[in-house]
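Peer 1: starting from these lines, generate the structure:
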Amino acid sequence: MFFKALAFDFDGTLASDDRIGPGVREALERARQAGLRLILVTGRTFFELSRVCDCLEFFEAVVAENGAVLYYPGSAMIRDQGPPPPTRLLAELDRRGISYQVGRVIVGAARGDEAPIREALAAVGVNRVHVYNRTALMLLPAGVSKGTGVQNALRFLGLSFHDVLAFGDAENDLPFFEVCGWRACPADGMALVKERADWIFPGENGAAVAAAVVGPVLQGLLPVQFSARHRIPLGWAAETSEPVAIPARGVNVLIHGDPLSGKSWLAGALVERLVAARYAVCVIDPEGDYQVLSRLAPVTWAAIHSEQDMVRLLTRLERNLGASVIADLSALPHARKVDVIEAGLRAIGDLRRRLGRPHWVLLDEAHYSLHREGVAEEALAIEERGFCLVTYLPSWLRERVVKTMDVYLLSRVTAPEELAFLSVSLPGIGSSGDWPAAMLPQLPRGKFVVVQPDPSGVPMALTFVAAARETMHVRHVKKYADSQVPPARRFFFRDHDGRVIAAAESLHGFRHAVVAVPGDVLEYHADRGDFSRWVLDVFADRELARQLEKSVARWRRGEIPDLGRAIDRLILNRYGPET
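Peer 2: Next up is the predicted model:
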């Protein structure tokens, strides 16, 4: 379920002629059975609401008197959010013959009596804010509104505003709209309310709301991914300087590019913007590339050594509405990382079902854990959206995962098998199905391609320049020594007759092989420049390629007696020992 709570205005939204009808009651009950938490929001006095609403027990929180009174039916707890009206004000209204209703905090009157009410307030020196609701006028202490009341109720219930859909119809609902992530109104709502709503449902009053709840809300049919208000900015179109953004909710994102092409930098920038927009984010970082993001105020970083460490870190998302976390798995042996990631994904699934958080899960090096032999299928609720996968080998991802990707963020891609994967995964982009082969290999650093569907579902590609990051991206080059490359990109050691003597699928594997193969095999590849070319083409490590060329030149000059040992030490010094 995308939403975790529904918040309803009473008059004109749920109720008609002071009553919530049978159809609306049934819709509310079905929402409760689906696990949604219900909040009632009204300008009515608490006493009057208790008289006219006979189903208060349906709601986990009641925000009455335009935010001035909070009531929690489950515990019968009531909390006033302001002082009662001064008796001298009520006496002055009586003296002037002004009709009014008095609540625990609020004073309600007819909007037509506003002028004499202002005179009465001035006469007794009382400061009360005027709030309008169609033909009604409400007098409230300063700083109290439906918005502040709903904010306090959400904190008490442990709900993020991002997960709440608000229903209202009149001008006093606007402050309440502002503190809820999503907004809706019936077709007979006031014009200024419709202007700020994400969705306008056909019909009037409670009938419109009931139909919306049992229809598009509970059936998950609301197109949240196309909301113009809920977008995450990325940068500007390279050709037009128009802003470029992607949906903030309801999508999965794949970030893909060659090693050292900028994809991890872009992933960090996306996390920064999500955190700034107050989304709860969990970064699962297998190789230690995201610790720098812990400088952002609501982000907690932790080194993970076990499944228990992962689950313990995730409890911060439960206790703190504004928390985001980074789980750094770089200290774990490679064989243990998949198990810990699986435990984390299971815990995240439970949190999302109960609380709706984290809103986003960013999984780096996704090809290691989401290939066919990776995490268990039931641990990955990827169809629920809100996943961002970062990888330079998307062709390794299991088919189920690939099918759920909605938005692609691409940096430079040169590997033929990955370009072929994109052509199959993103058909119909541009003038031909092989568009990545023409565009992505030449993409300069600092420029990216976003592919996302338009409202009609047609994928559109756009080159953009990314906005600056707040935190400095620090690359941990050590991880590339452990990275396994696809079979076609392995280094094959051959003799002069072309026979394969050994093969290496990683830099550490290359280290072990280069000291074991015969000297004539090393000579064969050194004369062809194969070592530096492989490192440059597969790992894009220009510095290591340059050092390899220097070592080969020194070996030819007799300055290095054992080329294999020299290459082994060179890689070991640059990347460190294998994990």
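
Peer 1: tally of neighbours for R346?
Peer 2: Residues within reach of R346, counting by other Cβ atoms under 10 Å, total 19. Every residue, glycine included, has its C-beta placed from N, CA and C.

Peer 1: residues touching it, list them.
Peer 2: When contacts are counted by Cβ atoms under 8 Å, 6 or more residues apart in numbering, R346 touches A379.

Peer 1: check which helix or strand covers it.
Peer 2: helix 334-355 (DSSP states H and E).

Peer 1: any low-confidence regions in this structure?
Peer 2: 1, 260, 427-437, 472-480, 579 (pLDDT under 70).

Peer 1: make it 80
Peer 2: Within the chain, the stretches with pLDDT under 80 are 1, 259-260, 334, 427-438, 472-484, 540, 554, 557, 559, 573-579.

Peer 1: would you map out the domains in it?
Peer 2: Residue ranges for the structural domains of the chain, counted by automatic domain parsing, are given in the record as 1-80+144-222, 82-143, 231-475, 480-575.

Peer 1: against A327, how distant is A335?
Peer 2: When Cβ to Cβ, to the nearest Å is the yardstick, A335 and A327 sit 17 Å from each other.

Peer 1: quick one, which of those two is more surrounded?
Peer 2: Between A335 and A327, counting by other Cβ under 10 Å, A327 is the more crowded of the two (23 against 8).

Peer 1: picking that back up, distance from the chain centre to the helix holding R346, please.
Peer 2: Put simply, helix 334-355 sits 17 Å off its chain's centre (Cα atoms, centre = their mean, to the nearest Å).

Peer 1: what of stretch 452-465?
Peer 2: Here stretch 452-465 is found 19 Å from its chain centre; the criterion is Cα atoms, centre = their mean.

Peer 1: next: stretch 444-464.
Peer 2: The chain centroid and the centroid of stretch 444-464 are separated by 19 Å under Cα atoms, centre = their mean.

Peer 1: same check on stretch 371-382?
Peer 2: From the chain centre to the centre of stretch 371-382 is a distance of 20 Å (Cα atoms, centre = their mean).

Peer 1: identify each buried residue in it, please.
Peer 2: 371, 374-375, 379-382 (16 or more other Cβ atoms under 10 Å).

Peer 1: let me have these in CSV, adding distance to R400 and secondary structure as columns.
Peer 2: Written out in CSV, the entries for the buried residues of stretch 371-382 read as follows (distance: Cβ to Cβ, whole Å; DSSP: H, G, I helix; E, B strand; the rest coil):
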residue, distance to R400, secondary structure
H371, 11, coil
G374, 11, coil
V375, 12, coil
A379, 12, helix
L380, 8, coil
A381, 11, coil
I382, 7, helix
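
Peer 1: quick one, phi/psi of the residue sitting nearest the centre point of the chain?
Peer 2: Taking Cα atoms, centre = their mean as the criterion, W360 is the residue nearest the geometric centre of the chain, at 3.3 Å. Torsion angles at W360 (phi, psi; degrees, to the nearest 10) stand at phi -130, psi 140.

Peer 1: for the buried residues of stretch 371-382, which one is nearest V102?
Peer 2: Nearest to V102 among the buried residues of stretch 371-382: A381, at 50.5 Å, using Cβ to Cβ.

Peer 1: which residue sits closest to the closest one, ignoring its sequence neighbours?
Peer 2: With Cβ to Cβ, 6 or more residues apart in numbering as the criterion, A381 has its nearest non-adjacent residue at 4.9 Å, and that residue is G349.

Peer 1: report how many residues lie close to the one you found.
Peer 2: Applying the criterion other Cβ under 10 Å, we find 16 residues in the vicinity of G349.

Peer 1: same thing with R30?
Peer 2: Other residues within reach of R30, judged by other Cβ under 10 Å, total 15.

Peer 1: on the three-state scheme, it is what?
Peer 2: Each residue gets one of three states, and R30 gets helix by DSSP: H, G, I helix; E, B strand; the rest coil.

Peer 1: okay, it and A142: tell me how far apart.
Peer 2: 40 Å.

Peer 1: try P394
Peer 2: Distance of P394 to A142, given as Cβ to Cβ: 55 Å.

Peer 1: these two: which is more packed in?
Peer 2: Between P394 and A142, counting by other Cβ under 10 Å, P394 is the more crowded of the two (26 against 9).

Peer 1: check contacts around that one.
Peer 2: Applying Cβ under 8 Å, 6+ apart, the residues contacting P394 are 254, 256, 366-367, 402, 418, 421-422, 425.

Peer 1: 7 Å instead?
Peer 2: 254, 256, 367, 418, 421 (Cβ atoms under 7 Å, 6 or more residues apart in numbering).

Peer 1: quick check: chain neighbours aside, which residue is closest to the fourth one?
Peer 2: Read that as E418. The nearest residue in space to E418 (Cβ to Cβ, 6+ apart) is S395, at 5.8 Å.

Peer 1: buried set for stretch 315-325?
Peer 2: Using 16+ other Cβ under 10 Å as the burial criterion, the residues of stretch 315-325 that qualify are 316-317, 321, 323-325.

Peer 1: on that earlier part again, what is the three-state secondary structure of the residue nearest to E418?
Peer 2: On the three-state scheme (three-state DSSP), S395 is labelled helix.

Peer 1: do the same with the one 10 residues further on
Peer 2: The three-state label for M405, taken from three-state DSSP, comes out as coil.

Peer 1: burial measure for it, as a count.
Peer 2: In terms of burial, M405 registers 21 neighbours under the definition other Cβ under 10 Å.

Peer 1: and if you look at W199?
Peer 2: By the criterion of other Cβ under 10 Å, W199 has 18 neighbours.

Peer 1: distance check, the residue nearest to it when sequence neighbours are not counted against P259.
Peer 2: Of all residues beyond its chain neighbours, the one nearest W199 is A184 (4.5 Å), with distances taken as Cβ to Cβ, 6+ apart. Counting by Cβ to Cβ, the gap from A184 to P259 is 45 Å.

Peer 1: neighbour count winner among these two?
Peer 2: Using other Cβ under 10 Å, the more surrounded residue of A184 and P259 is A184, with 29 against 20.

Peer 1: next one: that one from E195, what distance?
Peer 2: Spatial separation of A184 from E195 under the definition Cβ to Cβ is 13 Å.

Peer 1: farthest pair within the buried residues of stretch 315-325?
Peer 2: Applying Cβ to Cβ across those, the maximum distance is between L321 and V325, 13.2 Å.

Peer 1: which positions in stretch 215-222 come out as buried?
Peer 2: Of the residues in stretch 215-222, those scored as buried under the neighbour-count criterion (16+ other Cβ under 10 Å) are 217-218, 222.

Peer 1: tell me where the stretch 301-450 of the chain has helices.
Peer 2: 307-319, 334-355, 366-369, 399-403, 416-425, 435-439 (DSSP state H, counting those that start in this stretch).

Peer 1: among those helices, which is nearest A566?
Peer 2: With distances scored as Cβ to Cβ, the stretch of the helices of the stretch 301-450 of the chain nearest to A566 is helix 334-355 (26.5 Å).

Peer 1: ok so, going back, OK, contacts around the residue nearest to the centre of the chain?
Peer 2: 274, 279, 281, 386, 388.

Peer 1: looking at these, which is nearest V552?
Peer 2: C388 (40.9 Å).

Peer 1: I'd say the closest one and L362 touch.
Peer 2: Yes: under the contact definition of Cβ atoms under 7 Å, C388 touches L362, with a separation of 4.4 Å.

Peer 1: okay, and the common contacts of these two?
Peer 2: Applying Cβ under 7 Å, 6+ apart, one finds that C388 and L362 are jointly contacted by A267.

Peer 1: tally of neighbours for the closest residue to M439 other than its chain neighbours?
Peer 2: Once its chain neighbours are removed from consideration, M439 has its nearest residue in V449; the separation is 6.6 Å (Cβ to Cβ, 6+ apart). If you count neighbours by other Cβ under 10 Å, V449 ends up with 24.

Peer 1: can you name the residues bridging to V449?
Peer 2: With beta bridges defined as DSSP bridges, V449 has these partners: L410, T463.

Peer 1: kind regards, and thank you for your time.
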